[in-house]
Structures are given as C-alpha cells and as structure tokens.
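Novice: build me a model from this:
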Amino acid sequence: MGGVVTLQPTIESMSRSELEALQLTRLQETLHRVYERVPFYHESFALAGVHPRDIRQLSDIRRLPFTIKGDLRSHYPFGLLAVAKNEVARYHGSSGTKGKPTVVAYTKNDLDMWSTIVARAIVTAGGRAGDIFHNAYGYGLFTGGLGLHAGAERLGMSVIPISGGNTPRQVTIIEDFQPRGIAGTPSYILTMAEMMEAQGKDPRHTSLEYGIFGAEPWTEGMRRTLEEKLGIRAFDIYGLSEVIGPGVAMECSMQDGLHIAEDHFYVEVIDSKTGEPLEPGEIGELVFTSLTKEALPIIRYRTGDLASLQPEPCRCGRTHQRMSRIKGRVDDMIIVRGVNVFPTEIESIVLEHHQLTPNYQVVIERTGSLDRLTVRVEVSEQSIDLHGPVDSEAQQYQFISSTLAEALRDRLLISTHVELLSPKTLPRSEGKAVRMIDQRQL
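Specialist: Sure, this is the predicted structure:
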C-alpha cells in the first residue's frame, strides 16, 4: 500500500472479489444464527417469506426486512440477544431521553473485535503506538468514550480518559501531558480551542497533531476551522451503537470519504421514502448489517444517516468502500415553507463568513400559518473593523447580518431572519451540539 501505514494491510487492501466472498460467508453465518436464536428475526424473515438459505449472493440481502430503532425499543432490554445473558460482557445504549432507550450488548469476542476495528481506524488517521491520546468523548452508556479508549489501548497508546466537560481542566491536561492525538465531538473541541484563546493562549501551539472527530454531523467548513485553529489534521470517524459504536468507518489522510470496515459490516444506501437501493454517488439513508457481532447482530438496520458510497479504491491503497461525510439525518431534516433544510447546510454558509464564530443555532417558529426560520450567530471578536466598508459598529452589524441573510436565501431558497449576537453568547457544547430548535410543536 505504498508508504501508507495500516494496522491490517492484508485485510485493508483485499481485492473486491475476496472481500465480497468473505462478506457472503459471514453474512450467511450471521443470518442462520439470528434465525435460530432471535425470535424477532425468525418471525420477520418468515413474514417476508425468506429463509437464510435463500441468501446465496450479497444482492439477495434485499429480500430481507429492515430493522428500525423502534424494533430495538420494543424488545428492550434483552429481546434481541443472540446469546445467553451470562455470555454478555458489556451493555451500551442510548440515553433514553425520548422514551425507552436502545440497548446493545457485547460478548468478550465482540469487545475484542471492536477494539481492533477502532485501533485500525486510529492508525488510518495517523495515530501510532506510543502516542499519548486525549479522549474527550463521553464515557458511560454512550459508546464513544469506551470505544475509542479500548481501540487506543489495543494499538499501544497511552490514553487520557478525561471524557467531556470541565474545559479549563482539559486545556491544562493538554499542556501538561502533551498528547499527540485528541478525540471528541467537533463542537466540543472547538469549545476547547475557544477556552485556550480566552486564557490568552494560541491553540496552534500545542503538542496536538491530529484529531478524530464524530458523533455529530460536521462540514468541510468546520474541518477547516478546527485545522486552522488547532494546527492539526482533523479526521472524521463514523459509528453508531446499534451497529457496534465508533469505528464503522474512518477517514484516511486523503480526507476523501470514510473507509467502511467492510470485513465486519455490509452497507447499503437506500431511498429513505421507498426503501429502494440507490446507485453509488447518490445520497440516501445508510443501512448496515453486522457480519461478525455475536451478542446482538443487527440485520439491515436503517440508521437514519444520509450519505453516499464511493466504491472505487482510494488513492491511499485501501480497497474498502468509502462513504461520504454524513450530510444530515432523515429526522433532522426540517421542512420550512415546503423547502427541505438540514443544519449542515446552514453551518457551511455560516462558516464562509469570517466575521462570525462557528457557533450557531437555528430556531423554527410558526406565526399563524407561516413558518419563520431564525439563524442565531455570533460576531467574532476580531470582526468589527472601523476601516471596513462601513464606518460604525451598528452599520457593520447590519452589513454582516444582511450579507448572511442574502447568502442563506440564495442557498436555501427561503427567506431567513438573522439574529446577530455578541461573542460567546450562545451555549457551548460539552458533547453533541444542539443546533436545531423546532418550536412549532410547542
């Protein structure tokens, strides 16, 4: 693979025919296991009129029914286990803030496999054994913290398990421990960089060289902001607890899509409305099937995440399919006056305006029968220039506001109200940022 460092070069550069043969073998084994051990899948396969022996090639997977998040909730907590409860080594799941949580389970073999997948992902981003690794993902039921932690340890790193929050302490730890790599949500790492600036420190002058960011959609504009502010290379990692956790896909040094760990997961992209498969390059809903999970394998899981696939080999030499960055979520899309709007579209526009900080919030309200979309943004402390195109602070605020409103209207095709705020007015994230507030349902 040229001079590219990989953890498992034989697997990561496997020919397409070899990889698909491996996937088919593992898929057939998984289908037989869930059919025999998980009543939900036995019944759903029967209702679809299909038996695991009918799946003779990878494309036959389309004959199987989808699994959705509601299926995990309705079988909470143990109904989808494919092993006895005493074989489960760990449970993870969602926070359960919107009703019953989704619970996922891991055997010891699953945890071993997962840590290897994450170690491979960290190497893909440029991590190496011996690095000190600052892990600012949250620990607990959320898979991010422990997932990255175990992968980093498997690789031979020294891990700082600091989790999220207590930002001043995070800054001190970075100064004192001199980590080479950092992981967390991009919005929180940005908060960390702002804290350094507030303390009179230059975030570019740290030991950090690379960052592994995920758990929320983020744009190329956010990548540029993080790389410029921190003087690092910023890499996207993808995963979700229902499939396994972080490490399902990882960006390489080309920063041109995320390599899916296809030896462990089979991926599809479908039209979220019809369920029909889409062609490579078309944006649709990601669907994953786990191929090696023991405790809670999942079949054709509709993630709600929107992306496209790039099947051609990467310039780095890896042959596993790449997925695009997450464009948004099916349930994050809002319809305002008949127009589909995603938070990431607004983020990309905000980040094009250097007078603004990367922090923003979108509020949708209904007045009578009309929807009103307000984008709250902060003016950067360095943005007001009395030698600029207008000569007073009030005029400059008006100029920035009208310029952004015009850009939003041109791209979103709807009129948008801009609320310009002073620096550091919006709440800062210590985990996943809350960007969209839809008040129409209140």
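
Novice: looking at this, residue 123 is in a helix?
Specialist: Yes. Counting by DSSP: H, G, I helix; E, B strand; the rest coil, residue 123 is located in a helix.

Novice: quick check, it in contact with residue 9.
Specialist: No. Between residue 123 and residue 9 there is no contact under Cβ atoms under 8 Å: 10.3 Å. Where you see a C-beta, it was placed from the backbone N, CA and C, and this is true even at glycine.

Novice: between these two, which is the more surrounded one?
Specialist: residue 123 (21 against 13; other Cβ atoms under 10 Å).

Novice: how close does the closest residue to residue 328 other than its chain neighbours sit to residue 329?
Specialist: In space, and not counting its chain neighbours, residue 328 is closest to residue 342: 3.6 Å by Cβ to Cβ, 6 or more residues apart in numbering. Here residue 342 is placed at a distance of 8 Å from residue 329 (Cβ to Cβ, to the nearest Å).

Novice: which stretches of the stretch 301-442 of the chain have low pLDDT?
Specialist: Scanning the stretch 301-442 of the chain for pLDDT under 70 picks out 383-392, 441-442.

Novice: what segments of it are strands?
Specialist: 301-307, 309-310, 322-323, 328-329, 334-336, 339-341, 356-367, 370-379, 417-421, 436-438 (DSSP state E, counting those that start in this stretch).

Novice: who's in contact with stretch 265-278?
Specialist: With Cβ atoms under 8 Å, 6 or more residues apart in numbering as the test, stretch 265-278 has contacts from 23, 27, 58, 61-62, 66, 243-244, 248, 260, 282-291, 300, 302, 306-309, 321, 323, 330.

Novice: buried set for that stretch?
Specialist: Within stretch 265-278, the residues scored as buried using 16 or more other Cβ atoms under 10 Å are 265, 266, 267, 268, 269, 270, 272, 278.

Novice: mind putting these into TSV with pLDDT?
Specialist: Formatted as TSV, those follow (pLDDT from 0 to 100):
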residue	pLDDT
265	98
266	98
267	98
268	98
269	98
270	98
272	94
278	98
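
Novice: can you check which helix is longest in the protein?
Specialist: Across the chain, the helix with the greatest residue count (assigned by DSSP state H) is helix 16-37.

Novice: where does the prediction get shaky in the stretch 1-150 of the chain?
Specialist: 1-3, 95-99.

Novice: that one: helices as residue ranges?
Specialist: Applying DSSP state H, counting those that start in this stretch to the stretch 1-150 of the chain gives helices spanning 9-12, 16-37, 39-47, 69-74, 108-124, 143-155.

Novice: so which of those comes closest to residue 256?
Specialist: Taking Cβ to Cβ, helix 108-124 is the member of the helices of the stretch 1-150 of the chain nearest to residue 256, at 12.5 Å.

Novice: need the CA coordinates for stretch 231-246. PDB is fine.
Specialist: Taking only C-alpha atoms (Å, rounded to 0.1, in the frame of the first residue of the first chain), the coordinates of stretch 231-246 have been written out as PDB:
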ATOM      1  CA  GLY A 231      -2.900  23.500  13.800                       C
ATOM      2  CA  ILE A 232      -3.900  19.800  13.400                       C
ATOM      3  CA  ARG A 233      -5.300  17.500  10.800                       C
ATOM      4  CA  ALA A 234      -9.000  16.700  11.500                       C
ATOM      5  CA  PHE A 235     -10.400  13.300  10.600                       C
ATOM      6  CA  ASP A 236     -14.000  12.100  10.600                       C
ATOM      7  CA  ILE A 237     -15.000   8.900  12.300                       C
ATOM      8  CA  TYR A 238     -18.400   7.200  12.000                       C
ATOM      9  CA  GLY A 239     -20.200   4.700  14.100                       C
ATOM     10  CA  LEU A 240     -23.400   4.100  15.900                       C
ATOM     11  CA  SER A 241     -24.100   1.900  18.900                       C
ATOM     12  CA  GLU A 242     -26.800  -0.200  17.200                       C
ATOM     13  CA  VAL A 243     -24.200  -1.400  14.700                       C
ATOM     14  CA  ILE A 244     -21.200  -1.500  17.100                       C
ATOM     15  CA  GLY A 245     -20.100   2.000  18.000                       C
ATOM     16  CA  PRO A 246     -17.200   4.200  16.600                       C
END
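
Novice: now find how far off-centre that stretch is within its chain.
Specialist: 5 Å (Cα atoms, centre = their mean, to the nearest Å).

Novice: one more: stretch 329-339?
Specialist: The answer for stretch 329-339 is 19 Å, by Cα atoms, centre = their mean.

Novice: go on, stretch 355-369?
Specialist: Counting by Cα atoms, centre = their mean, stretch 355-369 is centred 23 Å from the centre of its parent chain.

Novice: before we move on, back to that, ChimeraX command to pick out the buried ones of the contacts of stretch 265-278?
Specialist: Of these, the buried ones go into a single ChimeraX selection, burial set by 16+ other Cβ under 10 Å:
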select :23,27,61,66,243,244,248,260,284,285,286,287,288,289,290,291,300,302,306,307,308,309,321,323
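
Novice: in stretch 357-365, what's buried?
Specialist: For stretch 357-365, burial by neighbour count (16+ other Cβ under 10 Å) applies to 357, 358, 359, 360, 361, 362, 364.

Novice: can you list contacts of that stretch?
Specialist: Stretch 357-365 is touched from outside by 190, 194, 221-222, 225, 334, 336, 343, 346-347, 350-351, 371-380, 423, 426, 428, 434-440, with contacts defined as Cβ under 8 Å, 6+ apart.

Novice: of those, buried ones?
Specialist: Listed as buried from the contacts of stretch 357-365 are 190, 194, 221-222, 225, 334, 336, 343, 346-347, 350-351, 371-373, 375-379, 426, 435-436; burial here means 16+ other Cβ under 10 Å.

Novice: so who does residue 58 touch?
Specialist: By Cβ under 8 Å, 6+ apart, the contact list for residue 58 reads 20, 23, 24, 27, 266.

Novice: would you reformat these as TSV and include distance to residue 164?
Specialist: TSV is the format used below for the contacts of residue 58 (distance: Cβ to Cβ, whole Å):
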residue	distance to residue 164
20	39
23	35
24	40
27	36
266	32
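
Novice: kindly reformat the buried residues of stretch 357-365 as JSON lines containing distance to residue 80.
Specialist: Listed next are the buried residues of stretch 357-365 as JSON lines, based on distance: Cβ to Cβ, whole Å:
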{"residue": "357", "distance to residue 80": "43"}
{"residue": "358", "distance to residue 80": "39"}
{"residue": "359", "distance to residue 80": "39"}
{"residue": "360", "distance to residue 80": "38"}
{"residue": "361", "distance to residue 80": "36"}
{"residue": "362", "distance to residue 80": "35"}
{"residue": "364", "distance to residue 80": "35"}
